[in-house]
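Q: Sequence plus the predicted model coming up.
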Amino acid sequence: MIGLIVLRKMLTVCMQQDKSIQRIIVAAMNPGLLHTDSGSKDAMHTASEGATAFIRKVETIDKSGTYHAFDEDATL
């Protein structure tokens, strides 16, 4: 699992440094555990709450190469 997190972060930074990608903000986001019908039943937030937090965060990102994770303790 840690390898995937590192890979995701590295890919985000590499894309941010790619000069052929102009005027595009690249960011990696992890919504964490979300309570869904087919997913985790012990998650503290619903998929709808996760989507709302995701949209709110996307609207505030102002630079490329960033990683945002919402964990169980995060305030959505």
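A: Cool, the structure landed.
Q: leaving aside the residues next to it on the chain, what's closest to Thr12?
A: Among residues not flanking Thr12 along the chain, Ala28 sits closest, at 4.2 Å (Cβ to Cβ, 6 or more residues apart in numbering). C-beta here means a position set from N, CA and C on the backbone, and glycine is covered the same way.
Q: May I ask you to confirm that that neighbour belongs to a helix?
A: No: going by DSSP: H, G, I helix; E, B strand; the rest coil, the assignment for Ala28 is strand, not a helix.
Q: Please look at it and His68 and confirm they touch.
A: Yes: assessed by Cβ atoms under 8 Å, Ala28 is found in contact with His68 at 7.3 Å.
Q: what's the helix of greatest length in the chain packed up against?
A: Secondary structure of the chain per DSSP state H: the longest helix is helix 2-17. Helix 2-17 is packed against strand 27-30, strand 66-69, with contacts defined by 3 or more Cβ pairs under 8 Å, 6 or more residues apart in numbering; DSSP states H and E.
Q: so for that helix, what's the average pLDDT?
A: In this model, helix 2-17 has a mean pLDDT of 76.
Q: And that helix, how far out from the chain middle?
A: 12 Å (Cα atoms, centre = their mean, to the nearest Å).
Q: can you tell me how far the residue most central in space within the chain sits from Arg23?
A: The geometric centre of the chain, computed from its C-alpha atoms, lies nearest to Met29 (Cα atoms, centre = their mean), at 1.0 Å. To Arg23, Met29 is 20 Å away according to Cβ to Cβ, to the nearest Å.
Q: And Lys9, by the same measure?
A: Distance of Lys9 to Arg23, computed by Cβ to Cβ: 22 Å.
Q: Between the two, which has more neighbouring residues?
A: The residue with more neighbours, out of Lys9 and Arg23, is Lys9; 14 against 4, by other Cβ atoms under 10 Å.
Q: Who's the closest spatial neighbour of the more buried one, skipping the chain neighbours?
A: Tyr67 (5.1 Å).
Q: burial count for that neighbour?
A: Under the criterion other Cβ under 10 Å, the count of neighbours that Tyr67 has is 13.
Q: ok, now which ones touch it?
A: Shown in contact with Tyr67 (Cβ atoms under 8 Å, 6 or more residues apart in numbering): Arg8, Lys9, Thr12, Ala27, Ala28, Met29, Asn30.
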